[in-house]
Structure formats: structure tokens, C-alpha cells
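S.K.: Predicted model, plus sequence, below.
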Protein chains: 2
Amino acid sequence: MILILWLKLKASTTILFRLSTFSAPHMNKPRLPKTKVSPSVDAPGCDDYLVNLENVRQVQPEIVSIEKAQQMAEFFGTLADPSRLRLLSALAQQELCVCDLAAVAKMGESAVSHQLRVLRSQRLVKYRREGRNIYYSLADSHVMNLYAEVAEHLDEPAT
Amino acid sequence: MILILWLKLKASTTILFRLSTFSAPHMNKPRLPKTKVSPSVDAPGCDDYLVNLENVRQVQPEIVSIEKAQQMAEFFGTLADPSRLRLLSALAQQELCVCDLAAVAKMGESAVSHQLRVLRSQRLVKYRREGRNIYYSLADSHVMNLYAEVAEHLDEPAT
DNA sequence: ATAATACATGAGCATATCTTCAGATATTGT
DNA sequence: ACAATATCTGAAGATATGCTCATGTATTAT
């Protein structure tokens, strides 16, 4: 299974962040220090030499920073709520005002407003005023398509 | 900006769920009922005729079900934590045992174990036992690549 | 200006999440 | 079998999240 999370932000956006790479192309280990690291032992043991220092040294500089992980987590967090997904799903159909959204998603208007604020904060939606109503839509320069094939994954029995 | 969230689960996986569609291709409105729906008024008013019944009728049957939204939200939720993202990021480099992961991600071993359980529950990682150690890796048939270009989106000043 | 409407926002409560701590389970070496 | 080690798991506390309720703000109609 391939999990590609591809957030294309603007027409001209450079790839900013790469969480993982198929068959990691960096095999340059930073010359092992003077620590015996499981040359003959099967399971080196976590306690013997701190841990598998070899692996740790190799992997640690490559993993995502805490700050970036935090940002990404927040972004994913906005997609991690059924109500918000339903709102996005509705807006994907067409522009809607708050009370329409509330009716469509079967939520209270206040709840909708709160969630729209979250979506706004991640710039997933935009809005325009028309009289008393405020019409929301997917941030046109941002979200256009959102495909997911999650359900089968979820239904799939554990291997 | 285009937001494509594309979760490809198995080599042969049908598209299971489509949250939104670019320029929604379903323009067949289900023949408006006998409700005056803003034929002449600019802003129909949320209260006058319930809401914009036209819009609601059109959009409501298209939005994602609560159950599916719930499943998707849970899946996104597993990606909505910095620690888990960092663990995935590390495992994307290579197979690692729990204490290695703890060292790499600078987390407690118990915390790592807890989070690995979450990742396991979404089948994002697999594991194998080798002596006392349990080596985790990205679920080979599942997660292979995870690209993200989130940071620029996040840095981008609000329009 | 005043009332009414659509939406936003803050407080408060219920629930969920993440980490730590303590203890349980499983595997290895003696 | 027993001790040691790696990992797992449950409980508890701190924090975050999402909803409702009440109130605040902006726009329209009178």
C-alpha cells in the first residue's frame, strides 16, 4: 500500500517537506564512533551500549524536526474530525453559508462557526460576505481535490 | 492550491471514498420542491425558508456519511501527533526497535510503545521479533511514501 | 436610530489524548 | 528454574478538543 500525502499548495510550490523516502537513499553512515555496535551479537541489547548507536546516529539527523512535526500534526488535526470532514465534503460540492452548512451537516450553527474557524486557520476554506450571509467555499487557491481511499484500509482485516 | 490526499492502500485498490470533486460534476438538482428559494431575493435568509433549501437538498445527499467521516477522522488522527509523525519519519529511514525509536525521537520507551500501538491499530507499521527486541518498520504493504509540503502552506501569510 | 438576522466568540462542561509511573508479560542467559 | 532485559499495558494526571449556551458584532429593514 502506498500512502502518498501530497499537499500542493500553489501552482508553483516547491516540495517543502519529505517525511519519508522509499528505500532511503542516504546510506552514508557518519563513520561509527568507538562503540561496539552489534558486530557479532544478534540482538545488540538496548542497555549494553545505550542502544543500537549505529542506527540512532544514522536515523536521528534525518527525522523531521519537532517544530515541523508540530505544524504537520496541527494540519492533520484539522482533518481529524468528522464534523470538519463533513463540512469540507459539503463545501466541495458548492459554496454554502453557515446556516446551510449547519443544516447539511446536521450541526448547530455555533458548532459550525467554531469549526469553520479552525478550517480558516489552516486556510482550507475561504469566505465572502453577501448581505447578512457569509458564504464559505474551499479555499480556491488551496483545496480543490481531496481524494481518500480510507475505508477499505480500515475494513481490511489485520494481517 | 491543490490538496490531494491520496491514500493508496494496496496495489489493487479501488477508490473508496471521494470527499470532493473539482467542479462538481453533478448538476442534476433533484427538481426543486414547492419552496420559494431566493428567486428574487439577494440573500435568501436562513430563517425565511428554513435555509437555502435548494442548496441543502442538493448537497446533503452528497456529503460523506457520519460513519465514514468518523473512520477517516480516526485515520487522520493518527497522523495528527508530532510524536507519531517523528516515529514514522524515523521508521521511513529503516527498521528500528523500540528503544532505538525512543532514543531517536527523544521519547520515553513507554510513550513510544503506546504510540506504536496506535500506529499498529491503523496498520501503518508492522513489527517482527528478534530475540528480546521487537523491530518496527513501516507496514511494507502499506506505507511506502509520505510526502508533504505543509510548511510553506503554514508559513504562507494569510491572504 | 432601532429591531431583527446571520454569524462570531468566550465560558464552561464532557470527552479524548498523551505522557509518566508502576507493574505485567515475554524472551534470553546462566 | 531464575534473573535480567525489552516491550507492553493500565491507571492517573495534565492538556487539548468539541459541543452548547449566552453574549457580542455586523449588516439589513423599517
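M.R.: Done, it's in. Residues are numbered from 1 along each chain as shown, chains lettered A, B, ... in the order given.

S.K.: Within range of DNA strand D, give me the residues from chain A.
M.R.: A:43, A:45-48, A:74, A:77, A:80-81, A:83-84, A:107-108, A:110-111, A:114-115, A:118, A:129, A:131-132 (Cβ under 7 Å from any atom of the strand). Using the backbone N, CA and C atoms, a C-beta is placed for each residue, glycine as well.

S.K.: and if we set it to 6 Å?
M.R.: Among all residues of chain A, those adjacent to DNA strand D (criterion: Cβ under 6 Å from any atom of the strand) are A:45-47, A:77, A:81, A:83, A:107-108, A:110-111, A:114-115, A:118, A:129, A:131-132.

S.K.: Of those residues, which belong to helices?
M.R.: Among the residues of chain A next to DNA strand D, the ones falling in helices (DSSP state H) are A:G77, A:S83, A:S110, A:A111, A:H114, A:Q115, A:V118.

S.K.: just to revisit the earlier point, among the residues of chain A next to DNA strand D, name the buried ones.
M.R.: With neighbours counted using 16 or more other Cβ atoms under 10 Å in any protein chain shown, those contain these buried positions: A:G45, A:C46, A:G77, A:D81, A:S83, A:M107, A:Q115, A:V118.

S.K.: residue contacts, the nearest residue to the third one once chain neighbours are set aside?
M.R.: Spelled out, that is A:G77. Leaving aside its sequence neighbours, A:G77 sits nearest to B:A80 (Cβ to Cβ, 6 or more residues apart in numbering or on different chains; 3.9 Å). In this structure, B:A80 makes contact with A:A73, A:E74, A:F76, A:G77, A:L79, A:A80, judged by Cβ atoms under 8 Å, 6 or more residues apart in numbering or on different chains.

S.K.: at 10 Å what do you get?
M.R.: Applying Cβ atoms under 10 Å, 6 or more residues apart in numbering or on different chains, we find B:A80 in contact with A:M72, A:A73, A:E74, A:F75, A:F76, A:G77, A:T78, A:L79, A:A80, A:D81, B:A73.

S.K.: go on, A:L101?
M.R.: Under the criterion of Cβ under 10 Å, 6+ apart, the contact list for A:L101 reads A:86-87, A:90-91, A:107, A:109, A:111-113, A:115-116, A:135-136, B:51, B:55-56, B:59, B:63.

S.K.: so where's chain A shaky on pLDDT?
M.R.: A:1-44, A:47-51, A:140-159 (pLDDT under 70).

S.K.: Alongside DNA strand C, which residues does chain A contribute?
M.R.: Counting by Cβ under 6 Å from any atom of the strand, the residues of chain A lying close to DNA strand C are A:C97, A:V98, A:C99, A:S110, A:S113, A:H114, A:L116, A:R117, A:R132, A:N133, A:I134.

S.K.: Mind telling me the two of the residues of chain A next to DNA strand D farthest from one another?
M.R.: Pairwise distances among those were taken by Cβ to Cβ; the largest, 70.4 Å, belongs to A:G45 and A:G131.

S.K.: in chain A, which spans are strands?
M.R.: The residue ranges that make up the strands of chain A, judged by DSSP state E, are A:2-8, A:17-20, A:96-97, A:125-130, A:133-138, A:146-148.
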